[in-house]
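Q: Mind looking at a prediction? Sequence and model below.
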Amino acid sequence: MKVGMLTGGGDCPGLNAVIRAATRRLHDAGHEAIGVIGGWRGMTEGVTRPIDRSAIAGILPRGGTILKTSRTNPFSVDGGVGAVLRTMEGMDALIAIGGEDTLGVAARLHAEHGLHVVGVPKTIDNDLSGTDLTFGFDTAVTIATEAIDRLHTTAESHNRVMVVEVMGRHAGWLAVQSGIAGGADVVLIPEFPMSVERCAELINHRHASGRDFSIVVVSEGWPLTHEAGSGDMATQVKDLDAFGHVRLGGIGEQLARELERLTGFETRVTTLGHLQRGGTPTAFDRVLATRFGLLAATLVMDGEWGMMAGLKGADVVPVPLSEAVAALKTVPRDYYALAEAFFG
């Protein structure tokens, strides 16, 4: 078999580990691995290259993706779907590695055009259904937690409020997890939009009890909310991406200005941005990505099309792609309560 492999959407640590594992299993079984360069854009343009043993040597600890990536949506490009199907004529199957958008395209191509596709769940937001965890999430949480740890010391030295903006458009998993691990005093996420006034009240209460600094972690998708009514997600760029998502940015700066106005405490903001995506994956993500890659290759060899490798408890199991992209996995109320127990 000739098996294509692509990585789509935002990069994250662990992508190369998946590529390595799937390629090793395919080669060991006598099959050929073909890299699609640039995600779904590579499929629409027919840009591919073989993945041999030398291509995957030493890539396990590397961040990013040797196959490059893009946010291309074939369904929004004139002739895009037809171009994808023509590229598939040179392959027997395709392993798509990505998040909700990349796998959403894969699921639709399978359902509507019978594409021989298998998915692997990747996103630092951890918002894909069908799997308990996505690879890349643990690394991003570790990076955000380390940043919060470092900000504690400078915040305490200067008697400041520190706002830390992390990624998370619709789901606050990254903010909650890093907030709990880093000992944040308030965590603001899209699922439960606390008002700015309430956040300021918690900070005032903390300072009144003898603490002279505070750490606030906020998801980029948290809507700036006042008690008089809800606000909107902050945006620095007004245009939409290929999947119709508004490009987010700037909520940390807006929140910092409001908190300084309401509390009178000097407030600074740190936006972690793409730092959360970069660098070497944690040991956990390397192992999880490897397990996902091995199962994806096995699903291809077994002809289990339209399936995805997912983590259920301690086991990596096949999950229908349609289940994975049916709805976003957001933070439940009882999980957010774990962070709330330490607010203020």
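A: Sure thing, it's come through.

Q: Tell me the buried residues in stretch 274-286?
A: Buried residues in stretch 274-286, counted by 16 or more other C-beta atoms under 10 Å: 275-277, 280-282, 284-286. (Glycine included, C-beta is placed from N, CA and C.)

Q: does the nearest residue to Gly136 once chain neighbours are set aside sit in a helix or strand, and which one?
A: Counting by C-beta to C-beta, 6 or more residues apart in numbering, Gly136 lies nearest to Cys12, which is 3.2 Å off, once chain neighbours are set aside. When elements are assigned from DSSP states H and E, Cys12 belongs to no helix and no strand.

Q: Looks like Cys12 contacts Gly279 (just checking).
A: No. Contact criterion C-beta atoms under 8 Å: Cys12 and Gly279 do not qualify, at 10.1 Å.

Q: Common neighbours of the two, please.
A: 63, 139 (C-beta atoms under 8 Å, 6 or more residues apart in numbering).

Q: Kindly tell me how buried Leu60 is, as a neighbour count.
A: The tally of other residues near Leu60 (other C-beta atoms under 10 Å) stands at 17.

Q: For it, give me its contacts.
A: Counted by C-beta under 8 Å, 6+ apart, Leu60 has contacts 16-17, 20, 286, 290.

Q: Return the closest of the residues you listed with respect to Gly64.
A: Distance to Gly64, by C-beta to C-beta, is smallest for Asn16 among those, at 7.2 Å.

Q: other SSEs contacting the host helix or strand of the closest one?
A: In the assignment (DSSP H and E), Asn16 maps to helix 15-28. If you count contacts as 3 or more C-beta pairs under 8 Å, 6 or more residues apart in numbering; DSSP states H and E, helix 15-28 packs onto strand 2-7, strand 32-36, strand 93-98, helix 283-301.

Q: Shouldn't Thr131 be within a strand?
A: No. Counting by DSSP: H, G, I helix; E, B strand; the rest coil, Thr131 falls outside a strand, being coil.

Q: Surely it and Asp315 touch.
A: No. Using C-beta under 8 Å, Thr131 makes no contact with Asp315, being 11.0 Å away.

Q: picking up where we left off before, would you mind listing the buried residues in the helix holding Asn16?
A: Those buried within helix 15-28 under the rule 16+ other C-beta under 10 Å are 15-27.

Q: Also stretch 173-189?
A: Counting neighbours by 16+ other C-beta under 10 Å, stretch 173-189 gives 173-180, 182, 184-189 as buried.

Q: ok, residues contacting the longest helix that the chain contains?
A: The longest helix of the chain (DSSP state H) is helix 137-158. Helix 137-158 has contacts (C-beta under 8 Å, 6+ apart) with 12-14, 123-126, 160-162, 164, 166-167, 173-174, 177-179, 181-184, 212-215, 217, 266, 270, 272, 275-277, 279-282, 284-285, 288.

Q: In helices, which of these fall?
A: Of the contacts of helix 137-158, the ones assigned to helices by DSSP H are 173-174, 177-179, 181-182, 284-285, 288.

Q: Does Met43 lie in a helix or a strand, and which?
A: helix 39-45.

Q: would TSV of the helices and strands packed on helix 15-28 with mean pLDDT and distance to Ala324 be doable?
A: Output for the helices and strands packed on helix 15-28, formatted as TSV (pLDDT from 0 to 100; distance: least, C-beta to C-beta, whole Å):
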stretch	mean pLDDT	distance to Ala324
strand 2-7	98	16
strand 32-36	98	20
strand 93-98	98	11
helix 283-301	98	12
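
Q: one step back: higher neighbour count, Thr131 and Asp315?
A: With neighbours defined as other C-beta under 10 Å, Thr131 and Asp315 compare such that Thr131 has more, 25 against 9.
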